[in-house]
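K.L.:
Structure for the following, please:
(one chain, ligands or ions: 1)
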Amino acid sequence: LLGSSAWCCSETLSAERIEKALNSAYEKYRNLNEGANADYIPALAEVDSNLYGIALVTADGRVFTAGDVKSEVSIQSISKVYTMALVMDQQGPGALLENMGVDATGQVFNSIVAIEQYKGAEMNPLVNAGAIATTGMVQGKNADAIWQRILEKYEAFAGRKLSVLEDVYESEAATNQRNQAIAALMHAYGHIDEHYLRATDIYTRQCSVGVNARDLGIMAATLASAGKNPVTGKQVVEADNVPEILAVMATAGLYDDAGKWLYKTGLPAKSGVGGGIVAVSPGKFGIAVISPPLDAAGNSVRAQKAIADISNALGGNPY
Ligand code: DON
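P.N.:
Below is the predicted model:
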């Protein structure tokens, strides 16, 4: 019974089974016409809404793909996970817990009400306020040094050199007054130092890093394999920090829809308004889907459906 059960820990997923799950989800949602590109960042409205790619990377480093896994979109909020990992490695797991906390807000990702409720505490590194504060905690002697550290961390997770999509950066930098206000409030309440506008700018830059579905699949799989990139073989975040990262992804990765998502899949995940979602089945696989049209909570419609189907077909739910 143990060997045949979908949840059994010792089961190795066969290539055939993974390919079948990927191809079937790819086809099923290819013609779906729901949701809309984010447009509050003008450059995101211009991205091809039909872009659709899936990558699943097993904890033992096998890469499976369907659709377009070469075109890049901006990583957006998925970056928050990897800056969180950097700060945990630099300052230990307690630093974020003490600064902004690790509780889901139940509010939209850029909520100001959520900041006001507990004066910038009792939130988490995956909503904008907590994420800008997290970027503000990255150590480095100046903005350039801080930025290099962040980019290098993302590159280690992806296993290749990455670069900023400058048009997306320019577009968001010109329209991010709300995030500047969020950062100012977080400074007023003592969660970011006086360089809060610098933190906002670096955060905007980190959100504009270009990634394809394959990159995101590997970044997810690195969290599925206790912080060791299964493709490059490098340990890129301390293994001890991974359970805490996954916990915050589980409770807050899809914002106010995190509960619904966890109910359906059981998977820690993170979305970005560029259209990507990464999800992690610990010890088994990381999966990523890119598809720009979003629902009202800011999560890719196709990505949620495809990941849920694939993970459920492969026994990815850890519960
Ligand atoms: O700060 C922002 O609004 C964007 N750079 C990122 C937001 C985001 O990706 C929310 N995710 N679904």
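
K.L.:
In three-state terms, how would Phe157 be classified?
P.N.:
Using DSSP: H, G, I helix; E, B strand; the rest coil as the criterion, the local structure at Phe157 reads helix.

K.L.:
Three-state assignment for the nearest residue to it once chain neighbours are set aside, please.
P.N.:
Counting by CB to CB, 6 or more residues apart in numbering, Phe157 lies nearest to Met219, which is 4.4 Å off, once chain neighbours are set aside. To be clear about C-beta, it is placed using only N, CA and C from the backbone, and glycine gets the same treatment. Secondary structure, three-state DSSP: Met219 is helix.

K.L.:
Quick check: the gap between Ser49 and Gly275.
P.N.:
For Ser49, the distance to Gly275 (CB to CB, to the nearest Å) stands at 9 Å.

K.L.:
how about the strands in the stretch 201-319 of the chain?
P.N.:
In the stretch 201-319 of the chain, strands defined by DSSP state E, counting those that start in this stretch lie at 210-211, 269-271, 276-281, 285-290, listed in chain order.

K.L.:
Of the ones you listed, which is nearest Pro230?
P.N.:
Pro230 lies closest, by CB to CB, to one member of those: strand 285-290, at 8.4 Å.

K.L.:
ok, which residues in the protein are in contact with the ligand?
P.N.:
Residues of the chain lying near the ligand by CB under 6 Å from any ligand atom: 76-77, 109-110, 128, 172, 179, 207, 271-273, 298-299.

K.L.:
Tell me which residue in the stretch 101-250 of the chain sits closest to the ligand.
P.N.:
Cys207 (3.6 Å; CB to the nearest ligand atom).

K.L.:
Isn't that residue up against Tyr82?
P.N.:
No: under the criterion of CB atoms under 8 Å, Cys207 makes no contact with Tyr82, lying 11.3 Å away.

K.L.:
Show the contacting residues for Leu162.
P.N.:
151, 154-155, 209-211, 215 (CB atoms under 8 Å, 6 or more residues apart in numbering).

K.L.:
Can I get the residues you listed in a markdown table including pLDDT and neighbour count?
P.N.:
Below are the contacts of Leu162 laid out as a markdown table (pLDDT from 0 to 100; neighbours: other CB atoms under 10 Å):
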| residue | pLDDT | neighbour count |
| --- | --- | --- |
| Leu151 | 98 | 17 |
| Tyr154 | 99 | 24 |
| Glu155 | 99 | 17 |
| Val209 | 99 | 26 |
| Gly210 | 98 | 17 |
| Val211 | 99 | 29 |
| Asp215 | 98 | 26 |
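
K.L.:
and the residue nearest the centre of the chain, what pLDDT?
P.N.:
For the chain, the residue nearest the mean C-alpha position is Ile78 (2.4 Å; CA atoms, centre = their mean). Each residue has a pLDDT score; the one for Ile78 is 98.

K.L.:
can you check Met137 too?
P.N.:
98.

K.L.:
correct me, but it touches Val87?
P.N.:
Yes: in this structure Met137 lies within contact range of Val87 using CB under 8 Å: 5.0 Å.

K.L.:
Could you count how many residues lie near Gly92?
P.N.:
When neighbours are defined as other CB atoms under 10 Å, Gly92 has 14 of them.

K.L.:
Okay, it and Glu194: tell me how far apart.
P.N.:
Counting by CB to CB, the gap from Gly92 to Glu194 is 24 Å.

K.L.:
For stretch 301-312, C-alpha coordinates in PDB please.
P.N.:
The C-alpha coordinates for stretch 301-312 follow below in PDB (Å, rounded to 0.1, in the frame of the first residue of the first chain):
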ATOM      1  CA  VAL A 301      -5.500  32.800 -13.300                       C
ATOM      2  CA  ARG A 302      -4.000  30.200 -15.600                       C
ATOM      3  CA  ALA A 303      -1.000  29.700 -13.400                       C
ATOM      4  CA  GLN A 304      -3.200  28.900 -10.400                       C
ATOM      5  CA  LYS A 305      -5.300  26.400 -12.400                       C
ATOM      6  CA  ALA A 306      -2.400  24.700 -14.100                       C
ATOM      7  CA  ILE A 307      -0.300  24.300 -10.900                       C
ATOM      8  CA  ALA A 308      -3.200  23.000  -8.900                       C
ATOM      9  CA  ASP A 309      -4.000  20.400 -11.600                       C
ATOM     10  CA  ILE A 310      -0.400  19.300 -12.000                       C
ATOM     11  CA  SER A 311       0.400  19.100  -8.400                       C
ATOM     12  CA  ASN A 312      -2.700  17.200  -7.500                       C
END
